[in-house]
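Trainee: Predicted structure and sequence below. I'll ask about it afterward.
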Amino acid sequence: MSDLARLQLAFQARVLAGSTNIDAAIASRDHGELGTRLGIYEHAYVSRLVEGLGATYRALRRQLGDEQFAAVTTAFIRAAPSKHASIRDYGAELGAFLRSVRPGVEGQALAELAEWEWMLADVFDAADAASVDTARLGRLPPAQWPHARLLVHPTVRRMRTRTNAVDLWRIATGAAEAHTEPEVRPDTEWVAWRRDLTTQFRSVSSDEAAALDAMRAGETVAGICECLAAQVAPDDAAARAAGLLRRWICDGMITDLSVPDCVDDSSAQRDLLRGGQQQRDRPRP
């Protein structure tokens, strides 16, 4: 390793962790001046990250206030230094950090608010893709549907909240006017995605949330129906899956369908019948 590389690593260690290894290599008339000069860089680095986090977590910053937000994010930066080349990629762990340092309902709501904002930013920055059209669906033989996998739009994200974090976000962003304090709420499932340049989100029922998670995990349509059968009457699972599929397509959440080449209509039909019998035979909880 060259002398320059060693000097750079020592300087980085000073800025990130307060290491004194570089002190001897810094020309200075007195020790006090040394601390002041290096402190300029330390302060500038942290301030830039606080500024970047403030751009990502605008609602959290408004909820906390500038002074408290700076204090919280400075502590976060010290606890979890950036490992990313881009400042946009830094800060995903802020929600978990808030949970660890702020117990109780307020900490939970602030953590969920941070996670909500990170999810929305992630949705907006995710890669774009064309949504599937209904003509593509019409070309798939009905007997092959059980084996089909739905290819999810790359912007689709899921989240569950247990507080009024989304209300806090709405108020902070001007989408709602009534003031509210952090509080516990019944569990709410959410889905977010992007259409063109517009971020969309909505709350979803527990059965749709389970189906969305199964779809994102790569389950076939038959697997999604099986998942739904644990949430609704087994005989209603196929109809419910069809209704959800229509909505996901209309929302632009599906990019395509994938069916194995080895599947023929006769084997697909047998699997569909077998799967339906298994659903009817399975005991309900």
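Mentor: Cool, the structure landed.
Trainee: how many other residues sit next to Ala209?
Mentor: Under the neighbour criterion other Cβ atoms under 10 Å, Ala209 is assigned a count of 20. All C-beta atoms are positioned from the backbone trio N, CA, C, and that covers glycine.
Trainee: Using the record's domain definitions, break the chain down for me.
Mentor: The chain breaks down into these domains under automatic domain parsing: 1-125, 128-285.
Trainee: how far does stretch 75-91 stretch from start to finish?
Mentor: End-to-end distance for stretch 75-91, by Cα to Cα, to the nearest Å: 12 Å.
Trainee: what stretches of the stretch 1-150 of the chain score poorly on pLDDT?
Mentor: Along the stretch 1-150 of the chain, segments meeting pLDDT under 70 span 13-14, 16-21, 24-25, 27-32, 34-35, 37, 39, 41.
Trainee: in it, which spans are strands?
Mentor: Ranges of strands in the stretch 1-150 of the chain, per DSSP state E, counting those that start in this stretch, are 149-152.
Trainee: Show me the helices in it, by range?
Mentor: Assigned by DSSP state H, counting those that start in this stretch, the helices in the stretch 1-150 of the chain fall at 3-17, 31-56, 58-64, 66-79, 94-101, 104-125, 134-138.
Trainee: which strands and helices sit next to the third one?
Mentor: Put plainly, it is helix 58-64. helix 66-79, helix 104-125, helix 165-172 (3 or more Cβ pairs under 8 Å, 6 or more residues apart in numbering; DSSP states H and E).
Trainee: try the fifth one
Mentor: For helix 94-101, the elements it packs on are helix 66-79, helix 104-125, judged by 3+ Cβ pairs under 8 Å, 6+ apart.
Trainee: Next, the angle from that helix to helix 104-125.
Mentor: Helix 94-101 and helix 104-125 are oriented at 170 degrees to each other (axes from the mean of the first three to the mean of the last three Cα atoms, to 10 degrees).
Trainee: Quick check: Leu244 vs Cys250, distance?
Mentor: Distance, Leu244 to Cys250, using Cβ to Cβ, to the nearest Å: 11 Å.
Trainee: cool, Trp193 as well?
Mentor: Going from Trp193 to Cys250 by Cβ to Cβ gives 12 Å.
Trainee: more crowded one of the two?
Mentor: Shown here are Trp193 and Cys250; by other Cβ under 10 Å, Trp193 has more neighbours (23 against 11).
Trainee: for the helix or strand encompassing that one, which positions count as buried?
Mentor: Secondary-structure assignment from DSSP states H and E places Trp193 in strand 184-195. Buried residues in strand 184-195, counting neighbours by 16 or more other Cβ atoms under 10 Å, are found at 188-194.
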